[in-house]
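Student: could you look at this predicted model? Sequence included:
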Amino acid sequence: MKAAPCSLLVCVGIFLAMPILALADTVTLKSGEVIEGKILSETDRQIVMDAVVSAGIIDQKTVARSEVQTVSKTPPDEIAYQGIKGCQIEPRSLPTASYAPMVKSLETFLQKYPQSSRAGEVQGKLATFKQEQEKVQSGNIKWNNRWYTPDEIKKNKYQLRAQMQLATMRDQATRRDYIGALNSFDQMEKTYPGSEAYLDGIELAKSILRLAASDMDRTMAAFKNQEMQFTNGIVLVPEPQKSQMIAARQAQIAAAEAALVAAERAGVKWKPFQPMAGKGAESLKTALAAEAPRLEALPLAAMRASLAKTKEAETAVKESKFADAQAKIKEAQTLWAQNNQAVVLGAEIESLKKKAAPVSAPPVGATHRESAAPKPVEATPPPTPPTPTPTPTPTPKAKGWFDFF
């Protein structure tokens, strides 16, 4: 199961965790000190509040009224709004079940604060979420802000899946999981080598190779320094701590080697970077260096030219210029034989040509001529047969659902 989008987690998680102290009450003392938090109670003599001490730390504090200069309270609806501010429409649609908590959070806000100055904005968001939820329930999906109908999904499944693989790769690169990103590219290259996303994947993989190599150099340098410090420092450690530290180090090395073995068994191209595994780290660095020239040798310019020809063919199809479209497709496939868009469009053009072909006219001189019908010969009528006993006509059985298929 894929993780929920960040906006969904922010929207639902923060809303359920209210009250929120980040935008709560502020008490300014005569000394100049500012206390932020949530006022729990107040009298003529004192104010009791949950005060924000630091990020994630709240402490209850009592302040004498005589020390207070000003008190500023954040309206409850504004505090509540911060919990749903993260509910944003994404460029991609969500699984059907993921819309329910977002819709519920927005509806709860409107029920509690119908007069809020934020109500109009929240109502707009709610309407948009509901509309999107209905589309998804009808089998549509949205990708990069474009909606696809069920028929379009079926037709574009190859390209859409490739785009999703590219999105995963980008996410991994953003998190600096360079090895994971390279394995995602390897999967794309094996499964969707004719997709448009593959071209962007090649460009991204080139950048990732440089980043991964640089990251490895820094990590290896830091690891060697740590190894030297460990070797020099362990001689000064008394027993039994010395034996315990050596055993812990050996366990770390064993875990690194086990991770490489697991990756080998899984058949992944790029093994995890494990400095403690020694040879594993060196072999990975060698593999990264060898991959760069391979990617540089891929005919990216021809691939992009092939896509451009395919776009020209699409335009020709819209204008019913099927011969021109076929010529463009032929050029596209010559430039890049695996171009999936060209393959699909080529088959579509063949189908459209057949439908548009004129119906053949009958041969000249093959017009139908009626001949004079022969005069019927009178015959003696046969004897009248006995009237049969009528049998009841059976009532037709109603068709079941599967009888129509």
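Tutor: Received, thanks. Residues are numbered from 1 along each chain as shown.
Student: surely G37 is in a strand?
Tutor: Yes - judged by DSSP: H, G, I helix; E, B strand; the rest coil, G37 forms part of a strand.
Student: looks like it contacts V63 (just checking).
Tutor: No - look at G37 against V63 with CB atoms under 8 Å: they stay out of range, at 10.5 Å. The way it works is simple: take the backbone N, C-alpha and C, and place the C-beta from them, glycine included.
Student: overlap in contacts of the two?
Tutor: Listed as contacting both G37 and V63 by CB atoms under 8 Å, 6 or more residues apart in numbering are M49.
Student: specify the local secondary structure of the closest residue to I89 other than its chain neighbours.
Tutor: Spatial nearest neighbour of I89, excluding adjacent residues (CB to CB, 6 or more residues apart in numbering): T128 at 5.7 Å. At T128 the chain is in helix, as set by three-state DSSP.
Student: pretty sure T128 is touching Q88, no?
Tutor: No - with contact defined as CB under 8 Å, T128 and Q88 do not form a contacting pair (9.9 Å).
Student: how about the residue nearest the centre of the chain, nearest residue that isn't a chain neighbour?
Tutor: Against the mean C-alpha coordinate of the chain, by CA atoms, centre = their mean, the closest residue is M164 at 5.4 Å. Of all residues not flanking M164 in the chain, W143 sits nearest, at 7.7 Å (CB to CB, 6+ apart).
Student: that neighbour pairs with what?
Tutor: Beta bridges link W143 to R146, judged by DSSP bridges.
Student: tell me, how many residues neighbour it?
Tutor: W143 has 17 neighbours, counted by other CB atoms under 10 Å.
Student: tally of neighbours for D25?
Tutor: Around D25 there are 21 other residues, counting by other CB under 10 Å.
Student: quick check on it: phi, psi?
Tutor: Dihedral pair for D25: phi -90, psi 150, per degrees, to the nearest 10.
Student: that one and K354, how far apart?
Tutor: Plainly put, D25 is 74 Å away from K354 if you go by CB to CB, to the nearest Å.
Student: give the next helix or strand downstream of the longest helix along the chain.
Tutor: Counting residues, the longest helix found in the chain (DSSP state H) is helix 196-234. Per DSSP states H and E, the first helix or strand lying C-terminal to helix 196-234 is helix 241-266.
Student: which strands or helices does the helix or strand following that next one pack on?
Tutor: The C-terminal neighbour of helix 241-266 among helices and strands, as given by DSSP H and E, is helix 279-297. In terms of contacts (3 or more CB pairs under 8 Å, 6 or more residues apart in numbering; DSSP states H and E), helix 279-297 is packed against helix 196-234, helix 241-266.
Student: doesn't the residue nearest to the centre of the chain belong to a helix?
Tutor: Yes - counting by three-state DSSP, M164 is located in a helix.
Student: so where's this protein shaky on pLDDT?
Tutor: 1-23, 55-56, 278-279, 357-405 (pLDDT under 70).
Student: tell me where the stretch 1-150 of the chain has helices.
Tutor: Listed in chain order, the helices found in the stretch 1-150 of the chain under DSSP state H, counting those that start in this stretch are 6-16, 76-84, 96-112, 119-137, 150-155.
Student: just put these in a markdown table and tack on mean neighbour count.
Tutor: Shown next, in a markdown table, are the helices of the stretch 1-150 of the chain (neighbours: other CB atoms under 10 Å):
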| stretch | mean neighbour count |
| --- | --- |
| helix 6-16 | 17 |
| helix 76-84 | 20 |
| helix 96-112 | 16 |
| helix 119-137 | 15 |
| helix 150-155 | 12 |
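Student: and those: which comes nearest V268?
Tutor: For V268, the closest of these is helix 6-16, at 26.9 Å, according to CB to CB.
Student: K285 touches D215, doesn't it?
Tutor: No - at 10.9 Å, K285 does not count as touching D215 under the criterion of CB under 8 Å.
Student: mutual contacts of the two, please.
Tutor: Contacts common to K285 and D215, judged by CB under 8 Å, 6+ apart, are absent.
Student: for the residue nearest to the centre of the chain, give its distance to A197.
Tutor: Separation of M164 from A197 (CB to CB): 8 Å.
Student: and stretch 60-70, what's buried?
Tutor: Residues of stretch 60-70 classed as buried by neighbour count (16 or more other CB atoms under 10 Å): 61, 63, 68.
Student: can you pull the contacts of the nearest residue to the first one once chain neighbours are set aside?
Tutor: What sits nearest to K61 in space, not counting adjacent residues and going by CB to CB, 6+ apart, is A51, at 4.3 Å. For A51, the contact set (CB under 8 Å, 6+ apart) comprises 35-37, 58-61.
Student: residues near the residue lying closest to Q165 once chain neighbours are set aside, how many?
Tutor: Counting by CB to CB, 6+ apart, the nearest residue to Q165 once its immediate chain neighbours are dropped is M188, at 4.6 Å. Counted with other CB under 10 Å, the neighbours of M188 add up to 25.
Student: I'd say M188 and A167 touch.
Tutor: No - taking contacts as CB under 8 Å, M188 lies outside contact range of A167: 10.8 Å.
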